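S.K.: sequence plus predicted model, see below.
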Amino acid sequence: MVEPISAISGYWLDGAVRALEGLSRGFNSTTADPPPVTPYRVVFESGKLRLRHYAAARGAHRTPILLVYALIKRPFVLDMQKGRSVIEFLTRAGYDVFLTDWIPPTAADTWRGFDAYVNGDLKAATRAVRALTGVKEVTVLGYCFGALLSLAYAALYPEGMRNLITVTVPFDMGVRELPIYNMVERMSDEAIELVTHIYGNCPAWMVQTFFTAMAPAHHAVNKYVGLYRSAKRDGYAESFDLFERWMNSEVPLAGRIFKETTRAIFKRNQLARGEFEVGSRIVDLRNITCPLLNVVAEFDDVVHPHSSLPLIEHVASRDRRNLTFPTGHVGAMVSGSAIKGLWPQVSGWLTERSN
Amino acid sequence: MRAIFFEELSRLGETIVELPFAALRRLAGVDRKEQLQQTAWKTYDALVRFANVATDETYASPVFGAAVGRSMDTALKWQRLNSAVVGAFFAALWPAVGLPSASHLTELRAEVGALRDELAVARLEALEARAALPQPRPEEHPADETAAAIWNGWIPLAAPFAPKGGRKDGRAN
């Protein structure tokens, strides 16, 4: 039976209540993640990192994967629904997956910058993975902001890297093809300083506002109309619900890393220019010599493809390539089409380089 | 303004013009209900595409960017003043009622955090030390209970008969 068109107003009301509830609790501060598709164990904790281990489902490849998730939003989007989970796919393909579940920063963590996350937490994570699996080299797979952290780590510690996979990495921020970046450009250094002065960390609602502002028509109305029009599609309503939960799972960004990201990476493009410093060491991407696979989402509306594509020209790896797939920013990790079309290609590339 | 803005605007215009004609055709019984619905959704889609392009054009505008930048600065400065006033008021109030201030709590959290980090380092070193230990050769593996039971019929003692203060897995034979 077709629902009456007035159902859209009901969907809209649900969404508005969800957003307001999120706002009132500071987004992720009190909500629990939905149950995972793939079982895991927390095997290590350090700083702001909780390391999860998802065991390979069959005869494991020797090299484990360290999946570095972004510092914004919760990582449950990577393992949300059966048949649409990257983690489920990788473990079924025979990989031991270790995921960085970042613990949201508190008022005592405003000092945390790239130095703490890369030289502290990521370094400890790779040491733990090596100790737990008994291998010397690890494949690091970074998504979005996690890919930025992975890049910095791979450039500073190239010796333990077996392979590097970056998915939708915001690398060359000189690319201004997404109009929302014009807003970041206009944010003065004084405003950035004021945000951390007033709030300590960049609050979750501010990060959420940035993402909502990227597509206001979509978030205000169109996604609810989309739900109405696709309600008959099998599983759509359930996916919508889980996805909305993830969209409202925003977490704050530690004060210092917020400043470094907006000033040094977004405004001054220091990473692509080879001038970005982490813990008084320059992140020289020419130190990266391991095989590199750079996954680019063709219809990415958060990180423009032109911002990701130049990465392979900046590393010293002989074995490097861009893999472009017709999907969006989140679709690269969540959509059924990516699980069927993109990840088998990634797995194929990895298999040749993992044993 | 980019060309795409005018393209989307003209597409929206076309669909808006089409809509009343589709409604009239439906009223006259020429078209079915589904055809009218299809035209209505086409207009809606054109409207959304136009809204997206218009938003992008607004964001790309230097005038709008400068205005947002200025208003953000102003709002944050006011917010800072507000926080300073509230902070000064409560800084005097908390000690008076015997409660710790926010900065004391932050210091405490930082101390706990530092302790957690120390523990994490120790745990990591222990993990690495365990991984570095030579793996025991097969004959050095402790005897598996099931294997022992098959080999010599040994059955572990039931708990109530286990020697007090001694090994609970003491052999019966």
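M.R.: Received, thanks.
S.K.: pLDDT value on B:P100, please?
M.R.: Listed pLDDT for B:P100 reads 81.
S.K.: my guess is it meets B:A91, correct?
M.R.: No: in this structure, B:P100 is not within contact of B:A91 by CB atoms under 8 Å, at 11.3 Å. Any C-beta I mention is one placed from the backbone N, CA and C, and that applies to glycine too.
S.K.: residues of the stretch 51-200 of chain A that sit close to chain B?
M.R.: Selection of the stretch 51-200 of chain A residues close to chain B by CB under 8 Å from any CB of the partner chain yields A:106-109, A:120, A:124, A:127-128, A:130-132, A:134, A:179-180, A:182-183, A:185-188, A:190-191, A:194-195, A:197-198.
S.K.: equivalent analysis for the stretch 201-350 of chain A, please.
M.R.: Residues of the stretch 201-350 of chain A lying near chain B (CB under 8 Å from any CB): A:215-218, A:221-222, A:225, A:229.
S.K.: look up how far A:A116 lies from the residue positioned nearest the centre of chain B.
M.R.: Chain B has B:G113 as the residue nearest its centroid, 21.3 Å off, counting by CA atoms, centre = their mean. From B:G113 over to A:A116 the distance is 11 Å, taken as CB to CB, to the nearest Å.
S.K.: next: A:P36.
M.R.: Counting by CB to CB, the gap from A:P36 to A:A116 is 27 Å.
S.K.: what does A:G10 give?
M.R.: 45 Å.
S.K.: okay, these two: which has more neighbours?
M.R.: Ranked by neighbour count (other CB atoms under 10 Å in any protein chain shown), A:G10 and A:A116 place A:A116 first, with 21 against 13.
S.K.: with adjacent residues omitted, what lies nearest to that one?
M.R.: A:G47 (6.5 Å; CB to CB, 6 or more residues apart in numbering or on different chains).
S.K.: report the buried residues of stretch A:143-160.
M.R.: Residues A:143-158, A:160 are the ones in stretch A:143-160 that count as buried (16 or more other CB atoms under 10 Å in any protein chain shown).
S.K.: kindly report the same for stretch B:31-44.
M.R.: So stretch B:31-44, judged by 16+ other CB under 10 Å, has buried residues B:31, B:36, B:39-40, B:42-44.
S.K.: close to chain A, is it?
M.R.: Yes: interface with chain A: stretch B:31-44 contributes B:41, B:44 (CB under 8 Å from any CB).
S.K.: centre of the chain to that stretch, how far?
M.R.: 39 Å (CA atoms, centre = their mean, to the nearest Å).
S.K.: who touches whichever residue of the stretch 251-355 of chain A sits closest to chain B in this structure?
M.R.: Proximity to chain B, evaluated over the stretch 251-355 of chain A using CB to the nearest CB, is greatest for A:D301 at 9.6 Å. Applying CB atoms under 8 Å, 6 or more residues apart in numbering or on different chains to A:D301 gives the contacts A:178, A:214-215, A:328-329.
S.K.: let me see the backbone angles for it.
M.R.: phi -110, psi 10 (degrees, to the nearest 10).
S.K.: domain boundaries for chain B, per the record?
M.R.: Domain assignment for chain B by automatic domain parsing gives B:3-60, B:100-132.
S.K.: dump those domains into JSON lines; add distance to A:I288 as well.
M.R.: Output for these, formatted as JSON lines (distance: least, CB to CB, whole Å):
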{"stretch": "domain B:3-60", "distance to A:I288": "34"}
{"stretch": "domain B:100-132", "distance to A:I288": "25"}
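S.K.: comparing those domains by mean pLDDT, which bottoms out?
M.R.: Looking at those, the bottom one is domain B:100-132 with a mean of 86.
S.K.: related to what we said a few turns ago, tell me, what's touching B:G113 and A:A116 both at once?
M.R.: A:G47.
S.K.: isn't A:E190 right up against B:D73?
M.R.: Yes: applying CB under 8 Å as the test, A:E190 and B:D73 come out as touching, 6.4 Å apart.
S.K.: quick one, which of the two is more surrounded?
M.R.: Comparing A:E190 with B:D73 by other CB under 10 Å, the one with more neighbours is B:D73, at 16 against 13.
S.K.: could you report the distance from that one to A:I257?
M.R.: When B:D73 is compared with A:I257 (using CB to CB), they lie 22 Å apart.
S.K.: what residue is smack in the middle of chain A?
M.R.: A:A70 (3.4 Å).
S.K.: how about it, what does it touch?
M.R.: A:143-146 are the contacts of A:A70 under CB under 8 Å, 6+ apart.
S.K.: helices or strands up against the helix or strand containing A:R18?
M.R.: Using DSSP states H and E, the element containing A:R18 is helix A:7-24. Using 3 or more CB pairs under 8 Å, 6 or more residues apart in numbering or on different chains; DSSP states H and E, the elements in contact with helix A:7-24 are helix A:204-214, helix A:223-230.
S.K.: what angle do that helix and helix A:204-214 make?
M.R.: 150 degrees (axes from the mean of the first three to the mean of the last three CA atoms, to 10 degrees).
S.K.: what strands line up against the helix or strand following helix A:7-24, and which way round?
M.R.: As assigned by DSSP H and E, the chain's next helix or strand after helix A:7-24 is strand A:41-46. According to DSSP bridges, strand A:41-46 forms sheet pairs with strand A:49-54 (antiparallel).
S.K.: and the strands in the stretch 151-300 of chain A, which stretches?
M.R.: Assigned by DSSP state E, counting those that start in this stretch, the strands in the stretch 151-300 of chain A fall at A:161-167, A:277-278, A:281-282, A:292-297.
S.K.: same deal with chain B?
M.R.: Here chain B has no strands by DSSP state E.
S.K.: show me where it has helices.
M.R.: B:3-27, B:33-60, B:62-96, B:102-132, B:145-152 (DSSP state H).
S.K.: now, of the residues of the stretch 201-350 of chain A next to chain B, which are buried?
M.R.: Applying 16+ other CB under 10 Å to those flags A:215, A:217-218, A:221-222, A:225 as buried.
S.K.: which of these lies closest to B:F50?
M.R.: A:A217 (9.1 Å; CB to CB).
S.K.: can you tell me the SS state at A:Q81?
M.R.: Secondary structure assignment for A:Q81 (DSSP: H, G, I helix; E, B strand; the rest coil): coil.
S.K.: so what's the residue count around it?
M.R.: 18.
S.K.: now A:M206: closest residue in space, sequence neighbours ignored.
M.R.: Going by CB to CB, 6+ apart, A:M206 has A:V195 as its nearest residue, at 7.1 Å.
S.K.: could you report the pLDDT at the one you found?
M.R.: Model confidence at A:V195, given as pLDDT, is 93.
S.K.: please report how far it lies from B:T74.
M.R.: Taking CB to CB, one finds A:V195 at 14 Å from B:T74.
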